[in-house]
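Student: Below: sequence and its predicted model.
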Number of protein chains: 2
Amino acid sequence: MANKVQPIERCDCDVIHEDIVKQVKNKMPQEETLYDLAELFKVFGDSTRIKILWALDEAEMCVCDIAFLLNMTQSAVSHQLRVLKQADLVKNRRAGKIVFYSLDDEHVKQIFNQGLTHILELREDQ
Amino acid sequence: MANKVQPIERCDCDVIHEDIVKQVKNKMPQEETLYDLAELFKVFGDSTRIKILWALDEAEMCVCDIAFLLNMTQSAVSHQLRVLKQADLVKNRRAGKIVFYSLDDEHVKQIFNQGLTHILELREDQ
DNA sequence: CAAATAAATGAATAATTGTTCATATGTTCA
DNA sequence: TGAACATATGAACAATTATTCATTTATTTG
């Protein structure tokens, strides 16, 4: 992941397109922003986490409810909930022994919907 | 990745929340849809690909332009462009020796923006 | 046709990651 | 207090993946 600075030799066509490249470079967001964006989507890029988020969008649930719903071990679910929590996508509250998780972001459903739109369009095309 | 069917033992709290779990289960989208959704976000979950998509949203570009812009080898860029093409996020056209890539989806920017909104809100909170 | 250029591809490698297993922590209640 | 339950956590392992390097394919042009 460490971005070593290695000079890439330009090919001839770059000289021709130099203006475009320079223009795009200026318009690009900060390196850090793009990195954070990728990190966020990485969290969405696992079907277990997608399922958990989708479930929590329907209802607040405890860890073992989720584990049963998804037919997964409590441990696996717990690990993934930690990832989701670190990404500030879910929050939790403790009620005695039980810890309830719920969504902590209003955009989750909107991000899902944008993705779904893409997927459904592709299916139509086939 | 192969989802072995292993029976997960229900804990006591599941019995209590049985109705909720059953209700959520019914409302969940198809397994395949959630899987496809995760696969799509996985493509967005890499900063190199995010950068490429962002660049292509600004302008159509050839492979070596992108390589120069991102300071990466032609090969690395080419490999990632293949991933993006397989996900139907970019398309290409050949003009002689040069292959130009461009976005093949109107939702890319919208998906970016949803993600950005989340990130920027988090930054404000700190 | 041969040389040169742009891009694609396959194998190899290093790094990351999701799950499992064993165990620890925190809470309730008899 | 101790047993039982719900959850969290750390180590280990298998699987996936991003990049590099070497090579191939496709195209132009001298």
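Tutor: Received it, and whenever you're ready, just let me know what you need. Residues are numbered from 1 along each chain as shown, chains lettered A, B, ... in the order given.
Student: top helix in chain A by residue count?
Tutor: Using DSSP state H, we find that the single longest helix of chain A is helix A:108-124.
Student: how about it against chain B, any contact?
Tutor: Yes - between helix A:108-124 and chain B, judged by C-beta under 8 Å from any C-beta of the partner chain, the touching residues are A:110, A:111, A:112, A:114, A:115, A:116, A:117, A:118, A:119, A:122. For glycine as for every other residue, the C-beta is placed from the backbone atoms N, C-alpha and C.
Student: How far off centre is that helix?
Tutor: Centroid separation for helix A:108-124 versus its chain: 14 Å, with C-alpha atoms, centre = their mean, to the nearest Å.
Student: now for it, which elements pack on it?
Tutor: helix A:47-58, helix B:31-44, helix B:108-124 (3 or more C-beta pairs under 8 Å, 6 or more residues apart in numbering or on different chains; DSSP states H and E).
Student: Quickly compare the ones you listed and say which is most buried.
Tutor: helix A:47-58 (a mean of 21; mean count of other C-beta atoms under 10 Å in any protein chain shown).
Student: Show me the contact partners of that helix.
Tutor: With contact meaning C-beta atoms under 8 Å, 6 or more residues apart in numbering or on different chains, helix A:47-58 is reached by A:43-44, A:61, A:66, A:69-70, A:72, A:76-77, A:80-81, A:83-84, A:89-90, A:101-103, A:108-109, A:112, B:23-24, B:27-29, B:34-35, B:37-38, B:41.
Student: can you give me the angle that helix makes with helix A:31-44?
Tutor: Put simply, helix A:47-58 runs at 80 degrees to helix A:31-44, going by axes from the mean of the first three to the mean of the last three C-alpha atoms, to 10 degrees.
Student: Just want the angle from helix A:47-58 to helix A:108-124.
Tutor: Interaxial angle of helix A:47-58 relative to helix A:108-124 (the same axes, to 10 degrees): 120 degrees.
Student: Does the next helix or strand after helix A:47-58 reach chain B?
Tutor: Counting by DSSP states H and E, the next helix or strand C-terminal to helix A:47-58 is strand A:61-62. Yes - legend: contact between strand A:61-62 and chain B by C-beta under 8 Å from any C-beta is shown at A:61, A:62.
Student: Do strand A:61-62 and DNA strand D come into contact?
Tutor: Yes - counting by C-beta under 7 Å from any atom of the strand, DNA strand D has neighbours in strand A:61-62: residue A:62.
Student: Can you name every helix or strand that the helix or strand just after that strand contacts?
Tutor: Elements were assigned by DSSP H and E; along the chain past strand A:61-62, the next helix or strand is helix A:63-70. In this structure, helix A:63-70 packs against helix A:47-58, helix A:74-86, strand A:98-103, helix B:12-16, helix B:18-27, with contacts taken as 3+ C-beta pairs under 8 Å, 6+ apart.
Student: before we move on, the earlier item: now the angle from the longest helix of chain A to helix A:74-86?
Tutor: Helix A:108-124 runs at 110 degrees relative to helix A:74-86, counting by the same axes, to 10 degrees.
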